[in-house]
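A.B. asks: when you get a sec, could you give me coordinates for this:
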Amino acid sequence: MNRRGVLIASVSAAGLVTALAAFPEGPKPLRIDARTMADLKALRAEPKFLDLPGAPAVEERRRLEPLINQLIDRLIAGVQANPTDAWVLAQMDPTVKAFHLEDTEARERCLNYIETIFRILGIPNDRGAFRKYMIFW
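C.D. replies: Below is the predicted model:
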């Protein structure tokens, strides 16, 4: 396994343990089908953060677009083998942690992408997983 694979596995395992601890009622199963995967891949392919205002927009886009794309890549690579909300939230945790202190404009757009992923996967909310970042759904 290469370094990237080891890193993804480590983040996945640590995040899943945290997510499972946050959900005493257990993870909720997700229905992942060909349409779900196609929607994730379409979201991955689209350019992101094109509507950020102001002079720092180019820099923010260069920094934030890979953050969201890497999350989507993790989901595409593993959600079929791990079809639960707890696993997905564990994959999202490092991404939410990375953007939660961004300025309001950038953070709102990051949250829009997270909400889009929730909608694609049929996850109604984060079940409190991201309260530690003071981000609520």
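
A.B. asks: any regions of this structure where pLDDT drops low?
C.D. replies: By pLDDT under 70, the weakly predicted segments of the chain are 1-24, 135-137.

A.B. asks: centroid-nearest residue for it?
C.D. replies: M92 (3.4 Å; CA atoms, centre = their mean).

A.B. asks: what is the strand or helix carrying that residue packed up against?
C.D. replies: Assigned by DSSP states H and E, M92 belongs to helix 85-99. Helix 85-99 sits against helix 3-22, helix 57-78, helix 104-121, with contacts defined as 3 or more CB pairs under 8 Å, 6 or more residues apart in numbering; DSSP states H and E. Placement of C-beta: from N, CA and C, glycine included.

A.B. asks: compute the inter-axis angle for it and helix 104-121.
C.D. replies: 170 degrees (axes from the mean of the first three to the mean of the last three CA atoms, to 10 degrees).

A.B. asks: between helix 57-78 and helix 85-99, find me the angle.
C.D. replies: 160 degrees.

A.B. asks: buried set for helix 85-99?
C.D. replies: 85-96, 98-99 (16 or more other CB atoms under 10 Å).

A.B. asks: closest to D33 out of those?
C.D. replies: V88 (15.2 Å; CB to CB).

A.B. asks: separation between that closest one and D73?
C.D. replies: Per CB to CB, to the nearest Å, V88 is found 13 Å from D73.

A.B. asks: what do you get for K132?
C.D. replies: 24 Å.

A.B. asks: M134 too?
C.D. replies: 27 Å.

A.B. asks: ok, W87 next?
C.D. replies: For W87, the distance to D73 - CB to CB - is 15 Å.

A.B. asks: number of residues surrounding R127?
C.D. replies: 18 (other CB atoms under 10 Å).

A.B. asks: M134 and D73: which has the busier surroundings?
C.D. replies: D73 (15 against 8).
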